[in-house]
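Chemist: Could you look at this predicted model? Sequence included:
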Amino acid sequence: MPRGRLRVYLGAAPGVGKTYAMLCEGRRARERGRDVVVGLVETHGRPRTADLLEGMEIIPRGTLVHRGAEFTELDVDAVIARAPRVALIDELAHTNVPGSRNVKRWQDVDEILDAGIDVVSTVNIQHLESLNDVVQAITGVPQRETVPDEVVRRAGQVELVDMSPEALRRRMAHGNVYGAEKVDAALSNYFRVGNLTALRELALLWVAGEVDDQLDRYRAEHGIGSTWDTRERVVVALTGGPEGDTLIRRAARVAARGKGADLLAVHVTRADGLGGGDPAGLTRQRALVESLGGTYHQVVGDDVPRALLDFAGGVNATQLVLGASRRGRLAQILSRGVGVETITRSGSIDVHVITHGEARRGRGRPSRSRAALTRRRRLWGWGLALLGLPALTVVLAPFRETLSLPSEILLFLLLVVGVALAGGLWPALTAAVGGSLLLNYFFTSPYGNLTIADPQNIFALTAFALVAAAVSAIVDLAARRTREAIRATTEAEILSTLAGHVLRGEAAVPSLLGRMRETFGLTSVALLERSPEAGPDDRSDPEAWRIVATSGGAPCGCPSAADTDVVIDDTLVLAARGRLLEAADRRVLEAFATEAAVALRHERLRKEAERAKPLAEADKMRTALLAAVSHDLRTPLASAKAAVGSLRSRDVRWSREDRDELLATADESLDKLGRLVANLLDMSRLQAGVLGVSLEPVAVEEIVPRAIDDLGPTGVPIRGDIPPGLPEVLADPALLERVLVNVISNAARYSPAGREVLVTGSRLGGHVEIRVVDRGPGIPPEDHDRVFMPFQRLGDRDNHTGVGLGLALSRGLAQAMGGTLTPDETPAGGLTMILTLPISPPPAAPAP
């Protein structure tokens, strides 16, 4: 059964209309005659979204019980049993209730796709795994529900549901996204214009990158080599020479003229060793490219212009920047050079030849031997042998009576050595045989035939042939050794580049596969993993293999479909398509494959560690909780038990005053115990995200006196100074009173005797600030955030003075109400805690 297709609606933030667009698509598909069901849709109380469900077939949800409460989730078995053509499933990144068959909803969707059912789903940009930390840095809100990017990339279609920040905020203000009680808090926090603009840019860039990859795959699958100017990409060619810095900066300026243009630097390592770059210079230039926001690439090619243009065409480059030739005038006359050849073959790619201070100063002494024999040199050798021998014979023929035979032999030997240097063994051997025949026929008596009259001439010609053959063999051997050394140097450069990627943290599997494809000029490279149930002989079965990562065009579905494959271990195989690689190239390919496997394992271990991190944090909190409450629970319990036990004792007759004092002690101890337990429960609810918050207009001048009264005697005076006319705040009255009690009691605990604690309030923009000012020792600014850590007391080595939950709980409660709690220094010494809450919106005018 063919696998179903996934279609994803991607949005920048909640409320842009992803679910609405998904339901509209479902209705359109049903009108076209397709069998469409609703697997799961969250309307979030939005009436227009709910209206689209009218008349749609909805699969009943499954019910699960967790910690005594009932929850509903997507019923995967019911959807598969119904077997529709299309299933609409909302919120792809959702985390299922513990006890479900899968941890994440995208895993449920994967099962439904395997059953051959098409799925339409939704996801927000903040839920993509790769952008999780970026979104948290922008919004300050951690996203616990994520979906791997690869899941969304595998979708057959990703459609962006876009909306400007202003339009989304208007939609929210009209009550089309959240209820009226949540609007102000949302607009002043997560849904600020700056946050929404940044999230929108992230979504647009992510979709643009996905479209770019789709275009590359399309061009590769259809064999399109010409450049499509969909986006400016500037490629700069580097040799490692001193002119490289000038070229990079010029290319960066060219790229900067087109907003969003890409800068790519490429160095061609020639297999024949000619034009080799200085490794130190290339390392320095690579750092410069990356500091300017570009990327560095290295490819291998005998024909440098063709390698440059192949790379530029492969990345769909629009402009190519080259440096003016450093060769002298004579060299330019004899050969056109890389620049001219590149311009001639460039086609639709614009080529910029940049002049620089090193132009025409010469290339300097080559760092590598030029003895490696290319096809062009072998042709030169054959041409010199076939044309040089007759020419030399014609030149020497008029002088055969004046020149001795040894002189003629030496001249022919000189020509043979030249042929050997130019063309190697076989042209030189041919020249040696041909030279000996020509010497015998034209320059040994009797002339005009191959007969030799003088025995000494036989010895001389034989020695000539042997010396010529020996010289040819030595030159050819030197050429082979040089070629091997050059190949080893090239491999070392490539491996050095690979090591540099790993050291810089660029060892992600797709990045390594991309570098591998560029280095060897391949069409596509894929890392395949054998499924657990597959056997060792299933190399030709695509169903037995899963594509872990890929780069380039259409990937191989199984090892047998590859032009070159490398077996990494029992489960992983690297499959490359594009051309057959030489045996010598496999050593480098195997190094890439091994590093890709290591990177894959590291990535999986990192994800396992991330999944285990919440459990470790929970365990750490439990350990800290047990250590922290051991004293605080025991003290009030012991006091209360002692008071009650004394009252029950029949051995002592208590006076009325004594009985009242013991009852007060028991009452105070039990109140303290109740507050401690309430704080612990609220802290656990906060961290679990299940704390109930009921926001309503609250008068600050009413809540502050109640909080001060709840404190009871503190040992220091506490004065409330709330100015009249202060606007009401949007808060939960009970939680706000708890916050104030905790903050004021903390201030009273550290205030010197006789110095009052001041509670005041003021308006700042759309918020009210409640300040609790003490004159205690204060806290250094670098430790301000530490005071909000649960089960910690700044400067304490134990928890015998309290469990240390007050400020941590207070900040959590403040944030749950849409506010903030921040510390500040009190002028002239002390600490000021600032509680900021949004002003309650005015009540809506009654309808006429």
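Modeler: Perfect, thanks for sending it.

Chemist: What distance do you get for the closest residue to I117 other than its chain neighbours to D110?
Modeler: In space, and not counting its chain neighbours, I117 is closest to G4: 4.6 Å by Cβ to Cβ, 6 or more residues apart in numbering. C-beta coordinates here come from the backbone N, C-alpha and C atoms, glycine included. With distances taken as Cβ to Cβ, to the nearest Å, G4 is found 10 Å from D110.

Chemist: so V79 sits in a helix?
Modeler: Yes: assigned with DSSP: H, G, I helix; E, B strand; the rest coil, V79 falls within a helix.

Chemist: Could you report the neighbour count for the nearest residue to it once chain neighbours are set aside?
Modeler: Distances taken as Cβ to Cβ, 6+ apart place G39 nearest to V79, at 4.9 Å, with adjacent residues excluded. Neighbours of G39 under the rule other Cβ atoms under 10 Å: 27.

Chemist: Check the one 10 residues further on too.
Modeler: Taking other Cβ under 10 Å as the criterion, the count of residues near T49 is 19.

Chemist: what helix or strand is it on?
Modeler: Assigned by DSSP states H and E, T49 belongs to helix 47-51.

Chemist: Can you give the contact residues for that helix?
Modeler: With Cβ atoms under 8 Å, 6 or more residues apart in numbering as the test, helix 47-51 has contacts from T19, Y20, L23, V41, T43, N176.

Chemist: Next, the residue nearest to the spatial centre of the chain: secondary structure please.
Modeler: Geometric centre of the chain, nearest residue: S130, 5.3 Å, by Cα atoms, centre = their mean. The local conformation at S130, judged by three-state DSSP, is helix.

Chemist: any idea how far it is from E603?
Modeler: Look at S130 and E603: by Cβ to Cβ, they are 11 Å apart.

Chemist: if we can go back for a sec, pull the helix or strand that the helix holding T49 is followed by out as CSV, backbone CA atoms only.
Modeler: Note on helix 47-51: by DSSP H and E, the next helix or strand toward the C-terminus is strand 62-66. Written as CSV, here are the backbone C-alpha positions of strand 62-66 (Å, rounded to 0.1, in the frame of the first residue of the first chain):
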residue,chain,number,x,y,z
GLY,A,62,-10.3,8.3,22.5
THR,A,63,-10.6,8.8,26.3
LEU,A,64,-7.7,8.3,28.7
VAL,A,65,-7.6,8.6,32.5
HIS,A,66,-4.5,10.2,34.0
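
Chemist: just how off-centre is the next helix or strand after strand 62-66 within its chain?
Modeler: Moving toward the C-terminus from strand 62-66, the next helix or strand (DSSP H and E) is strand 69-73. Centre-to-centre, strand 69-73 and its host chain are 35 Å apart (Cα atoms, centre = their mean, to the nearest Å).

Chemist: Just say helix, strand or coil for the residue nearest to V79.
Modeler: strand.

Chemist: Let me know the pLDDT of it.
Modeler: With respect to pLDDT, G39 scores 94.

Chemist: Flag the helix or strand of this protein with the lowest per-element mean pLDDT.
Modeler: None of the helices or strands of the chain scores lower by mean pLDDT, DSSP states H and E than helix 329-334, at a mean of 59.

Chemist: could you say what helices and strands the host helix or strand of L415 packs with?
Modeler: Assessed by DSSP H and E, L415 sits inside helix 405-423. If you count contacts as 3 or more Cβ pairs under 8 Å, 6 or more residues apart in numbering; DSSP states H and E, helix 405-423 packs onto helix 375-396, helix 425-443, helix 455-503.

Chemist: most packed of those helices?
Modeler: Per residue and on average, the most neighbours among the helices and strands packed on helix 405-423 fall to helix 425-443, with a mean of 21 (mean count of other Cβ atoms under 10 Å).

Chemist: so how far is that one from its chain's centroid?
Modeler: On Cα atoms, centre = their mean, the centre of helix 425-443 falls 65 Å from that of its chain.

Chemist: Narrow the contacts of helix 47-51 to those in strands?
Modeler: Among these, no member falls in strands (DSSP state E).

Chemist: PyMOL command for the buried members of those?
Modeler: Selecting only the buried entries of the contacts of helix 47-51 in PyMOL, with 16 or more other Cβ atoms under 10 Å as the criterion:
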select buried, resi 19+20+23+41+43
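
Chemist: Out of the contacts of helix 47-51, name the ones that lie in helices.
Modeler: Residues from the contacts of helix 47-51 lying in helices, with DSSP state H as the criterion: T19, Y20, L23.

Chemist: There's contact between the last one and V41 in this structure, I believe.
Modeler: Yes: contact between L23 and V41 holds when scored by Cβ atoms under 8 Å: they sit 6.9 Å apart.

Chemist: list the residues that contact both of those two?
Modeler: T49, L53, L88.

Chemist: I'd like these as TSV, with pLDDT appended.
Modeler: Formatted as TSV, these follow (pLDDT from 0 to 100):
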residue	pLDDT
T49	89
L53	92
L88	96
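
Chemist: tell me which of these is nearest to R659?
Modeler: T49 (64.6 Å; Cβ to Cβ).

Chemist: For the nearest residue to that closest one once chain neighbours are set aside, give me its contacts.
Modeler: Ranked by Cβ to Cβ, 6+ apart and with sequence neighbours excluded, the top spatial neighbour of T49 is T43, at 4.6 Å. Contacts of T43 were listed using Cβ under 8 Å, 6+ apart, and they are T19, T49, A50, L53.

Chemist: Which of those residues sits closest to A643?
Modeler: Once Cβ to Cβ is applied, the member of those that ends up nearest A643 is A50, at 58.3 Å.

Chemist: The residue nearest to I117: neighbour count?
Modeler: Other residues close to G4 by other Cβ under 10 Å number 20.

Chemist: Look at it and give its secondary structure.
Modeler: Classification of G4 by three-state DSSP places it in coil.

Chemist: For Y441, see how far away it is.
Modeler: Separation of G4 from Y441 (Cβ to Cβ): 82 Å.

Chemist: Likewise for G62?
Modeler: G62 is 100 Å from Y441, by Cβ to Cβ.

Chemist: do W426 as well
Modeler: 23 Å.

Chemist: Equivalent analysis for T665, please.
Modeler: The value you get for T665 to Y441, if Cβ to Cβ is used, is 133 Å.

Chemist: got it, and T246?
Modeler: To Y441, T246 is 60 Å away according to Cβ to Cβ.

Chemist: hang on, isn't L662 packed against G645?
Modeler: No: L662 is beyond contact range of G645, at 9.5 Å (criterion: Cβ under 8 Å).

Chemist: And those two? Which one has more around it.
Modeler: Remark: of L662 and G645, L662 carries more neighbours, 17 against 11, as counted by other Cβ under 10 Å.

Chemist: Can you classify that one by secondary structure?
Modeler: helix.

Chemist: just K182 next, same as before
Modeler: Reduced to three states by three-state DSSP, K182 is helix.

Chemist: Show the subsequent helix or strand relative to the one helix or strand A734 maps to.
Modeler: Secondary structure from DSSP H and E places A734 in helix 733-750. Using DSSP H and E, the helix or strand that follows helix 733-750 in sequence is strand 757-764.

Chemist: Could you identify the helix or strand that succeeds that following strand?
Modeler: Immediately after strand 757-764, counting by DSSP H and E, sits strand 767-773.

Chemist: any idea how far S551 is from V161?
Modeler: 29 Å.

Chemist: When the two are compared, which one has more neighbours?
Modeler: Neighbour count, other Cβ under 10 Å: between S551 and V161, S551 has more, with 22 against 18.

Chemist: Confirm the more buried one sits in a strand?
Modeler: Yes: under three-state DSSP, S551 falls within a strand.

Chemist: mind listing the helices for the stretch 151-300 of the chain?
Modeler: Secondary structure of the stretch 151-300 of the chain, counting by DSSP state H, counting those that start in this stretch: helices at 165-173, 180-187, 193-221, 244-257, 279-291.
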